[in-house]
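Student: The following block contains a protein sequence and its predicted model.
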Amino acid sequence: MNQNNLESKAVGRYLRLSPNKTRRVLDQIKGKDYQEALMILQFMPYKPCKMIRKILKSAGSNANNLNMNQDNLIINKAFANEGPKLKRFQPRAQGRAFPIHKPTCHITITLINKT
């Protein structure tokens, strides 16, 4: 297989994060170098950064298994899809119930070699 066609992928599923807030962070690292993206995520103050960093490291390890050099990796694709919503109810006055939808998301990160 040609070294230029290789891509490494990692997926995190059913994460208890909002897909919209996660996409905001993923847009910051899309197209960046692997090492640079790890540095950016380390110092960003948002909740999804920790999980995204974990998934990015996993994609880097998968790339290492494919004999891809980690110094030459860039983030090709990074996206968050909606997962199932956890449905809960909050009790309200006079016996009523107020629905609460707790979102989940699936994060996918793909790395390729620089050309």
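Tutor: That came through fine. Since we're looking at a predicted model, the values are computed, not measured. Residues are numbered from 1 along each chain as shown.
Student: Any stretches of the protein with poor pLDDT?
Tutor: Counting by pLDDT under 70, the chain shows low-confidence ranges at 1-4.
Student: Which strands and helices lie in contact with the longest helix seen in the chain?
Tutor: Criterion DSSP state H: the longest helix present in the chain is helix 48-65. If contacts are counted by 3 or more Cβ pairs under 8 Å, 6 or more residues apart in numbering; DSSP states H and E, helix 48-65 sits against strand 7-15, helix 19-29, helix 34-43, strand 73-82, strand 105-113. In this view, the C-beta of every residue, glycine as well, is placed from N, C-alpha and C.
Student: which of those is buried the deepest?
Tutor: Highest mean neighbour count among those (mean count of other Cβ atoms under 10 Å): strand 105-113, with a mean of 21.
Student: quick check: angle from that strand to helix 48-65?
Tutor: Strand 105-113 runs at 40 degrees relative to helix 48-65, counting by axes from the mean of the first three to the mean of the last three Cα atoms, to 10 degrees.
Student: wait, what's in contact with Ile112?
Tutor: Listed by Cβ atoms under 8 Å, 6 or more residues apart in numbering, the contact set of Ile112 reads Leu6, Glu7, Ser8, Leu73, Ile74, Asn76.
Student: just to revisit the earlier point, which parts of the longest helix of the chain are buried?
Tutor: Across helix 48-65, burial judged by 16 or more other Cβ atoms under 10 Å covers Pro48, Cys49, Met51, Ile52, Arg53, Ile55, Leu56, Ser58, Ala59, Gly60, Asn62, Ala63.
Student: Please list the outside residues in contact with it.
Tutor: With Cβ under 8 Å, 6+ apart, helix 48-65 has contacts from 6, 8-12, 15, 17, 21-22, 25-26, 29, 34, 37-38, 41-42, 70, 73, 75, 78, 107, 109-111.
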